[in-house]
Every structure is written in structure tokens, then in C-alpha cells.
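Participant: the sequence and its predicted three-dimensional model are supplied below.
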Amino acid sequence: MGCSPTKYRSLGDIKQKRDINNANGNSELKSEITMSNVPQANSVRWDNFTKITAQVPPTSTKAVEDNSNSELLNHKANVRGITSTNDIINSDIANGENKFQVNNPSVHDIKDSSIQRELNLSHFVKSSIPKELKLQSVEKLQTEIDNNIEFKQNSTPSNKRETSERIDNKRKSPSPSNMSKNKPETEADESLYKEQRCFDMGVKCCNLLVKPENLYKLATKQVMKLHLKRSLPRTISFSQLLKNLSNLQILDLSYNNMGPQAFRAVCLAMCSNITITSLNLADNRSDTDTSACIGKMVQENSTLQYLDVSGNNLGKDYFSRCVGPALKTNTSLTRLKAQSIGIVDVNVLLEGLKENKTITELDLSSNQVTDRQSLGEGLNTVLKNVDCKLSSLCLCNCNINSDGIKLLLDGLQLNKSLVELNLSGNEFEEIELLYNFLVSAFQHDSLSHLYINDARISNTSLASEVSVTSSAVSSLTSLKLNSSKITKQMLSFLSKHFSGKLCNLLDLDISNNSDLKPECLEDIVKLTQDAAGNSSLQKLTFGLNECDSLAENLQKQFPNLEYFNLRKARMSVEKLEGLSIIVKNEGLQISTLVLDGLKLSGTEAMKSLNAALSSSNITALSFDGCSLADKDMSQLFDAMNARLKLHMLKLSANRFTDELITQLVMVLLKVTHYPLAVLDVSNNELGDPSPIELSKLYLKKGSCLHSINLHGNNIGKCGILSLISCLGPNSTLKTLYMQNQSKALEESEVIEIGLKLADCLGYKVNNKDGMIEMGCSVLPTLPDGFLVNISGLGGATGDIGYKLDCQAIITDLSTRQLLSLSFSDIMELASSLKGYDNCDCILSMEEFSQITGANKDREVPSWLQVSGKRELALYLSNLPGNATVNKIEALFDIEADCSVDEVCLMKDPVTRCNNGVGWLLMCDETSVNKAVDFFHQGEAKVFGQPFMISRIKVRIEDTTGTEAEIKARQDMETRLRQRKRDDAAHRQLIQHNTEESWKRHAYRLAHPAYADGRIW
């Protein structure tokens, strides 16, 4: 049956969220940003954020507009799933230890921002910035950038439907861009947009203090998207919330680690659903047998357009055998993402794709296919088909060899539909094959995004040039070739045959190619030049290359260049002076400059660079990991006092002290309405004076600074409280990262911080019998994108931290309790998807057997089929692999004070080890309630690892179920008799061993020679 189910591991072992393009495969160019609260782990990169901030004119008079729920490119370049309004830069700003990585965004994911993963930059909006310097909203800025930069030449316009059509016709999905990115054009659209945004923020800010009815009121018919990064507070009735969401169409349950049983329940419920058009189930710890339920859903559902099952171990070939035949008859699914699902044989899946007429986007990245040529063969046929609809194809890190790539190249040459292609991390072997691929891509009619990062090449010699037949201008707008052993010779050949043909190219990444030097920029100009001889490039990444002669070669031929990344460029100390020459070059219009990793501290180049900034167009500047000290920044502050108008400043991972912040605050207070919006000084040597100084900015109106990252410094209670006091519904400050300070706080200090935070944000705290009362506060109206992280401060957060924790306020709750969706939550959701009004999901016995695995695994307890026993049963998930039946029984008997009837731990069918799932039968209802309370109190841990305890809310109503119950009772009696026999045999064995031990002891006493060891 393919691969065995994934074994459950500790929370710390949850695999990192993958880059859908697995960007570059280079450890120096990769970094995974994970905040201390694992379920909240998010990240986004500087190069994406600064692409926005760099567009904001320093003296823009645009008023700040309300932010939609749009999300920018996520930590994994090709994001998967629908995400609600979320954290600002949970990335470079959320963590100072990050490194820059080149993004390879998916065309659809950038354009359809409502189908995206959990990271965004929605904080870059709606702040009390002075009127004459107010920034544009993220939605408008990002839309302009996407239209004018990324997709200027080849983007297909997103479908725009009238609001009435989206609401009345549940079988049709609204365009994702209508949900989050496009600005409302009518009053009806504005109403839809506003209610969705309010609901998303309500879900994000709802905690145990909030009255449930406050959230229910926000769940209206206008809300069409639900993204649950974690479970809702237990005071919220999930079924009531779902009942109010009568027009739900977009559902994102990704990264919830719900387990295979819950995953199957969602898939089976979706078989008959006619309202959901987008479903994201990525990273939910499913298993091989779940593939059958996915195949059934794809075959029977007629409305689902987007499906993401990435990050689930779905078997070596079982997913292909189940989903492939279903694709032959499916007429609704257009986007399928299945990256890193453990599949190694895709032949049946490709056969289904050959007959499918609707799939436009396919992502099979990070699956190590064993038949290394099969992907090329199958997709060759698909791409050559005259009716091919495939526009986006992601095959990065799929272990494709050169023969498979040649077949893909053959298909590409006859294809007319492909817009985006990602082949990063595959084996080209010969650079000549890469050269031929680029030649064909340059001549393709519609291909606009090509990513071939980390191409595995062993032979870099290019024997001959390829004749070019087409004279048409290339459609490419984005080209990523980092870490692919690109040579100067290859660029020369390309520039010779395609001079001026890449005039639509806006984004180029050729970083970490050791053979390239700044002289190659001449070839880049030839490739991208217009009639006037100027390059069309707006974004250039040249990091990790030799750059000594950069100043001489980066001249006026790049008048459109706005983003320039020199991360860890190889420059001698003498040549660092060239940076100031580049900044002063009036022929360049660079607004975003990334200089991470350059050792500039104490050099004359740093002084001249800072001096040159005063007359530049720079609005976003990054000095991450440059070993800078306070004295290195004095000239920068002089430039800021002059005319340098920075919107974003990143100074993380340096050696700065409180003196730096003091000087910075003096500048921001001195210059009226200075536009600095985002500040990252994480992982430095800052103490309490720094946040106290920053709090002065909010004593008077006019500060634009809405996002501050002080993560990883040495700040104590006084410093944290000073900035906490600046937060509030009407405050400019909306994003604050204070987690993981090196100075550990006492529990009383952490509790004081929590109480102060609740008071500033508007949460009402009532103490009753020494405990904080739940459900006593109204839901505060906090600004879009609000986020505060106060985790890892040292002491326990106390009851206030437990009650205050939510998506918008991150405390240490995740270290004591799992926050992901429970099995009971999923069953309530399944009931809603099936169209039932009650919270108990009604299933047939066949469906329930598929969910529990009883149809294949005889170890699944038969009492699950008996309604009376099922009401006393509990579902356990996320158990460690070394958990035992005796350990679980002792835990519930002694620590939870429960009466346990039976514990059944499920095992991997191949390895026979625990797979992290178990079923627990209690003796009475009181024990069930005690066990659930035991979980909610954060005490449910095995060997220090939290696990999930959940009720089983299922009703089985059919004749088959009645018959099965009778048989189940008989099986239970048999199991009980067998258990008694086993217990009796075990007791007899113990008694026998004890008697034999005493006999040996008596013999030793009677025979001293034996006791002394002289006789054996």
C-alpha cells in the first residue's frame, strides 16, 4: 500500500515549511525563520517587503487606506493556501537571525493573494501617519507593483465578478483576487471587503477573555473565507460559527497537524459539498491510506477548484494511483499542489493529467521521483497537447535527470500555454542543456516566469552556440538562475542572439555563480535594453559574486533599477568604496539596497556610503549581519537629518547598544513626520533604555513607525512595559516583537506585562476566586495586521498569559498545550460541510471505518462502532513515538484522576511502531470531562511533549451501522475475555518468577559455597 504512515514526533520535530521552489538549494542563500511559538512560525523576506516600501514616494500625500486581507509572498516562495490578515514581516522583522533568500514566486500565488499561506505584510497599512506623508495601503501598492513590475507584460487579468453573483451562486467561487487584493470597485464590493476584513481580525484577536457572541456577530453571509491557523478558544462554539458562515467558499486548515483521521474526515465531507471552491490541507500529518479519501473527493466533488495537500506523507505511489484516475473525470479542479508528499512513482497521475482538461497549475516539487525520466516523458505529452491548459508547472527538487529535462524541453518548444516554470534543484549535468533550455524559454510565446536555481551541473564547458529562429520579443519578466554555475561565456552567447529581446525582463537573480563578475552586466544590458539602450531591469540580485569592479560596470544603463541585492558579495576592503559611487550615481534610481553580510564596520567605505545616502533615492536599507557598531552609524543619522527618507531600516545581528537607538530617536523627533515605518534591531545588545527611548515617539502624534522588532536583545520588564504602553486600538504601533530576551524575567514580571497588555488593548480582565474569568470582555477593535509577540521571556505567563493568547498576541501557551485544531473541531467542520446544522457529524459506517482506518487495520478498537461506548471515547493525537499503553493509563489514572477502561495505540503497519494516534475508552462521563479539562489546563504531556485529547462527535445512522454495532459488541466481549486471559497469564508469570526467585534465594542461604560464588 505504498509508504507507511508518518510517525508522530515531538512538536520541535515538526518539519519546517518548505519553499515551494525550494529556492536555491544553497545553504548560504537559505534561512528558515521560526518564531519561538511553533504553530505561529511565519516568515517573509526583505526583498519582498522592500519591493513595497521602495515604491512609496518619500513625500507621498496619499492617505492611508484600510488594508484588505491580502497577503504578500510568503516564507516559501510559492505560497500554498488561503490566509487571513496576519503578521507583518514575520521574518526579517520577526527574527534577527535570518538570512536573505531569493524568492521564486508563483504567478498565481502572487496574483491570487487570497490563495496564499499564512505570511503577509498587512501591517503596512492604516496608521496615524501625518496627512502629508501618509503611505499608500499595501493592497494598492502591491497591486501596482504586481501590475507594473512583475506582470506588466504577460499577466492575464483576474476575473472580476459582481458581488451579487458571488453571494447568490454558491457553486461558483469568487476570484481570489477579488477577496483580498483588488480594491473594491462598487459599494457592494466595499461592504464585502470590509466584513471579510473585520471577521479575519476578529478571529485573530479572539481569545478566552472575549465574549463568544462578539465573534458570532462578525460571521455574516458576506464572509467567504475562513483560515484557521489554530483552534478557536474553547469558549467559542465552532458549530455556531460555521452555521453563521453560510456563504463559506475558501477554507484553509493548513499547518494544523490534525492527523490522518481528521484529514480523512474533511476529504469525505467534501465529496458531497457544493460550496467550497478552495481547500488547503497542507502539513497536517496525514498518511498513505488517506490518499484513497483524496481520490474519492477529487472524483466526486464538482465545485472544488483549488486543492493543496502538500507536506503530508501520502505514499510512494498510492496518491498517484488514487488521484490519477480521478483527474480523468474531474471537470472543476484547476490548481493542484502536492509538494513533498513522499511520492516516488507518478506514472498513473500523469496518465490522468493527459486526459484532464481543467488543470492550469501543478506543483509536484520536493518529491524524489525514482524513475528520473518519467516526469519528463509524461509532461512532454501533456505540454504538446494542443488543448493544454497548464500555465504553471513547479517541479523543483524532483530528482529529474538530464534525459527527463530534454523531454521537458521538447514539450516546451511546442507548448503555447505555460506561463511559469520551476525546475530548480534538478540535474542538468551539462551547461549546454541549460543554455538550450534558456534559448527555448526566451522564444516561448507566453512563458513569463522561469526559475532554474541550484541546477546540478558537472560540465560547464559550452561547445557551440544554438541558432535562433525567432525574432520576437521574449515574454519573460522574471528569471532566477542563482547557484546554477552560469558562466560569462553563456551570457555572451545569449546576449549575441537575443540582444534587446528581453526588454520585458524586470527581475533577474544571478547570485552565487562563481564565474560571474561585474563585467557580465554588459551582457545583461544587451539582453534587456530598449531602443535607447537602457536596461528594463527593476530588480537585480547579484549577491555572493565577485564585485570588485561593480562601480565601473553598474552605470547609467540601468535607469529603471529599484531593488539591488548585494548580500555577502565578495568585495575587497579597498573596493568597498564603490558602494558610495553606486549610491551617488544619478543615472540609477535604486530605492532598496541590501548589503547584508558585508563587513563594513570601521571602514572608510561605511562613512562615505552613509554620506552618499543623503543625496540618494534609497527608502529601504538593510545592514543585517555586518558587525556594525554605534559609531558606524553616525553619518547615516546625519543623512537622515538631511534629506534621506527611509521607510524601512534593518539593522539586525550587529553590535549596537542603546546609544544607537538614542541617536535614532533624536533624528525621528527632530525631523517632522519622518516616514520610517519599519525598524528591525533584533539580535543586538540593547537594554531597557532602547524601548524607553522608542516609546517617546508615541507621546505625540505624527510618528509613522508601526513595526518594531526588538527580538533577541537584553531588555527587561521596564523596557517591555514602556512599549507595551504605546499599543492600543488607536495607536500607530501595531507590530511589536519582544520575544526571547536574554534577560530572563520572573513570573510576577511576566504576569504584570500580560495584565498591562490586556489593559492597553482593551481586553477586560475580571478576577473571580483567584482566577481570571473567561468570556467577560468585548472584542477590541485592533488595527489590521496587529501582532505582539511576548513569548520566551523567562517566567511562566500565569493565568493571564493563558487567557490572553491568540493569533495576534503570542505568549508561551504553545509550550504547554497544542493549539492546533482538534478531532472534535474537524468533525464539527465535517458536519457543516455535509450541510448538517448540529455539531455531531452523521456518517455511514463505511465512512466512519475509512476515517478510523477500521476497514484496513484490525487493531482499531471495535467499540468505536458502538454509540454508547463512542460517547465515552477520546481521540489522542501527536503522541510521542515512545509512548506506551501503561504510560497513558498511568497518566490518566493518577494525574487526571480518570477511570480508564482501555487504551489502544495505533501502530505503523510496516514498522509496527506507534504512529502517534490512539483511542481511549473511559468508564464514565465524568472521566471524559476530567480528561478534556486535563488537556485544557495544559497538563496533557507525555515525556514532556504536549499531546491532543479530543472527543469523538459522530453519529452513525444506517442499517449497516446497526448490524456493525451488534458485531462490535461481540468483538468487545471477545477482546475483554482475551484481555482477562492475558492478565491472568501475566499474573501467573509474575507469580511463577517470584516463586523461583525465592527458591534460589533459599538455596543460596542453605549452601554458603554457592552464595560465595565457589559453586555455580
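Facilitator: Happy to help now that I have it.

Participant: end to end on stretch 705-724, go ahead and measure it.
Facilitator: 14 Å (C-alpha to C-alpha, to the nearest Å).

Participant: likewise for stretch 395-404?
Facilitator: End to end - C-alpha to C-alpha - stretch 395-404 spans 11 Å.

Participant: so which residues make contact with that stretch?
Facilitator: For stretch 395-404, the external contacting residues (C-beta atoms under 8 Å, 6 or more residues apart in numbering) are 20-22, 25, 104, 364-370, 372-377, 379, 408, 422-430, 433, 451, 453. No exception for glycine: its C-beta is placed from N, CA and C like everyone else's.

Participant: alpha carbons of the helix or strand containing V348, in CSV - could you do that?
Facilitator: For V348, the element it lies in under DSSP states H and E is helix 347-355. C-alpha atoms of helix 347-355 as CSV (Å, rounded to 0.1, in the frame of the first residue of the first chain):
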residue,chain,number,x,y,z
ASN,A,347,3.1,7.4,-13.8
VAL,A,348,-0.6,6.9,-13.0
LEU,A,349,-1.0,10.6,-12.0
LEU,A,350,0.5,11.7,-15.3
GLU,A,351,-1.9,9.4,-17.2
GLY,A,352,-4.8,11.2,-15.5
LEU,A,353,-3.3,14.6,-16.4
LYS,A,354,-3.1,13.6,-20.1
GLU,A,355,-6.9,13.3,-20.2
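
Participant: and that helix, how far out from the chain middle?
Facilitator: 29 Å (C-alpha atoms, centre = their mean, to the nearest Å).

Participant: so which bits of it are buried?
Facilitator: N347, V348, L349, L350, E351, G352, L353 (16 or more other C-beta atoms under 10 Å).

Participant: helix or strand next in line after that helix, which one?
Facilitator: Criterion used, DSSP H and E; the element after helix 347-355 is strand 361-363.

Participant: same for that following strand, what does it pack against?
Facilitator: With contacts defined as 3 or more C-beta pairs under 8 Å, 6 or more residues apart in numbering; DSSP states H and E, the packing partners of strand 361-363 are strand 335-337, strand 392-394.

Participant: can you lay out the ones you listed as a markdown table showing mean neighbour count, distance to V473 and mean pLDDT?
Facilitator: As requested, the helices and strands packed on strand 361-363 are arranged in a markdown table below (neighbours: other C-beta atoms under 10 Å; distance: least, C-beta to C-beta, whole Å; pLDDT from 0 to 100):
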| stretch | mean neighbour count | distance to V473 | mean pLDDT |
| --- | --- | --- | --- |
| strand 335-337 | 25 | 29 | 97 |
| strand 392-394 | 24 | 22 | 97 |
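
Participant: columns distance to F263 on top of the ones you listed, output as a markdown table?
Facilitator: Output for the helices and strands packed on strand 361-363, formatted as a markdown table (distance: least, C-beta to C-beta, whole Å):
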| stretch | distance to F263 |
| --- | --- |
| strand 335-337 | 15 |
| strand 392-394 | 23 |
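
Participant: what about the nearest residue to A551 once chain neighbours are set aside, how many residues close to it?
Facilitator: With sequence-adjacent residues excluded and distances taken as C-beta to C-beta, 6 or more residues apart in numbering, A551 is closest to G578, at 3.2 Å. When neighbours are counted by other C-beta atoms under 10 Å, G578 registers 23.

Participant: quick one: G578 is in a strand?
Facilitator: No. Checked against DSSP: H, G, I helix; E, B strand; the rest coil, G578 lies outside a strand; its state is helix.

Participant: quick one, what contacts it?
Facilitator: Counted by C-beta under 8 Å, 6+ apart, G578 has contacts C547, D548, S549, L550, A551, E552, M571.

Participant: ok, which pair from those residues is furthest apart?
Facilitator: Farthest apart among those by C-beta to C-beta are E552 and M571. That separation is 12.9 Å.

Participant: right, and A455 touches S484 too?
Facilitator: Yes. A455 is within contact range of S484, at 4.0 Å (criterion: C-beta atoms under 8 Å).

Participant: quick check: neighbours shared by these two?
Facilitator: L434.

Participant: packing partners of the longest helix that the chain contains?
Facilitator: Longest helix in the chain, counting residues (DSSP state H): helix 959-1006. Judged by 3+ C-beta pairs under 8 Å, 6+ apart, helix 959-1006 is in contact with helix 845-852, helix 1008-1011.

Participant: between these, which one is nearest to S278?
Facilitator: Among those, if distance is taken as C-beta to C-beta, the winner is helix 845-852, at 22.8 Å.

Participant: where does the prediction get shaky in this structure?
Facilitator: 1-188, 958-962, 964-965, 1010-1016 (pLDDT under 70).

Participant: quick revisit: quick one, the longest helix of the chain and helix 845-852 angle?
Facilitator: On the basis of axes from the mean of the first three to the mean of the last three C-alpha atoms, to 10 degrees, helix 959-1006 is oriented at 40 degrees to helix 845-852.

Participant: can you tell me the element the residue lying closest to D759 once chain neighbours are set aside falls in?
Facilitator: Among residues not flanking D759 along the chain, V765 sits closest, at 7.4 Å (C-beta to C-beta, 6+ apart). Under the criterion DSSP H and E, no helix or strand holds V765.

Participant: give me phi/psi at V765?
Facilitator: phi -120, psi 120 (degrees, to the nearest 10).

Participant: now I956
Facilitator: According to degrees, to the nearest 10, I956 has phi -110, psi 120.

Participant: is it true that it touches S867?
Facilitator: Yes. I956 is within contact range of S867, at 6.9 Å (criterion: C-beta under 8 Å).

Participant: returning to what we had before: neighbours around the residue nearest to D759, how many?
Facilitator: With other C-beta under 10 Å as criterion, V765 counts 17.

Participant: and the gap between G728 and S703?
Facilitator: 13 Å (C-beta to C-beta, to the nearest Å).
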